[in-house]
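Asker: starting from these lines, generate the structure:
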Amino acid sequence: PYLKQPDMLVKQMNFQIEPEVQKYMVSKYYEFDDTVIRELLGRKLTTRARKDLDEILETTGIPLRSCRRQFDNLRAIFNALDDRNFEGN
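Answerer: Below is the predicted model of the structure:
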């Protein structure tokens, strides 16, 4: 839960982690692989699509766990933009 909510990582007291290491961990967690993003951007980000990430694994060679994380992060971005009624030009 700490990486999904970086503010919690900073405030948590269970692990003493240097601020530079915290920033590195968060940046790696939210990092996207170009090949995975290329595959995801052509699809609807639905729950059903999340179940079909095996195809992306086979195409890219990126581990399924990483594909799922990137899918979830991308979906969170789209949801946040949708909540704000983002209009791109």
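
Asker: ok now stretch 6-15, how far from the chain's centre?
Answerer: With CA atoms, centre = their mean, to the nearest Å as the basis, stretch 6-15 stands 19 Å off its chain's centre.

Asker: residues in contact with it?
Answerer: Residues from elsewhere that reach stretch 6-15 (CB atoms under 8 Å, 6 or more residues apart in numbering): 1-3, 17, 19, 22, 25-26. All C-beta atoms are positioned from the backbone trio N, CA, C, and that covers glycine.

Asker: give me the subset of the residues you listed lying in helices.
Answerer: Members of the contacts of stretch 6-15 lying in helices (criterion: DSSP state H): 19, 22, 25-26.

Asker: ok so, going back, let me know the closest of the contacts of stretch 6-15 to E55.
Answerer: Nearest to E55 among the contacts of stretch 6-15, counting by CB to CB, is L3 at 25.9 Å.

Asker: now that closest one: phi and psi?
Answerer: phi -80, psi -30 (degrees, to the nearest 10).

Asker: can you count the residues close to it?
Answerer: By other CB atoms under 10 Å, 14 other residues sit near L3.

Asker: count the neighbours of the closest residue to it other than its chain neighbours for me.
Answerer: Of all residues not flanking L3 in the chain, Y29 sits nearest, at 4.3 Å (CB to CB, 6 or more residues apart in numbering). The tally of other residues near Y29 (other CB under 10 Å) stands at 14.

Asker: show the contacting residues for Y29.
Answerer: Applying CB under 8 Å, 6+ apart to Y29 gives the contacts 3-4, 69, 73.

Asker: most neighbours, which of the residues you listed?
Answerer: Using other CB under 10 Å as the neighbour criterion, R69 leads the contacts of Y29 with 18 neighbours.

Asker: ramachandran angles for the residue most central in space within the chain?
Answerer: For the chain, N73 is the residue whose C-alpha lies nearest the centre (CA atoms, centre = their mean; 2.6 Å). Here is the backbone geometry of N73 (degrees, to the nearest 10): phi -70, psi -40.

Asker: contacting residues for it?
Answerer: 29-30, 32.

Asker: redo those as a markdown table? Include secondary structure, pLDDT and distance to N85.
Answerer: Shown next, in a markdown table, are those (DSSP: H, G, I helix; E, B strand; the rest coil; pLDDT from 0 to 100; distance: CB to CB, whole Å):
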| residue | secondary structure | pLDDT | distance to N85 |
| --- | --- | --- | --- |
| Y29 | helix | 89 | 27 |
| Y30 | coil | 90 | 23 |
| F32 | coil | 95 | 24 |
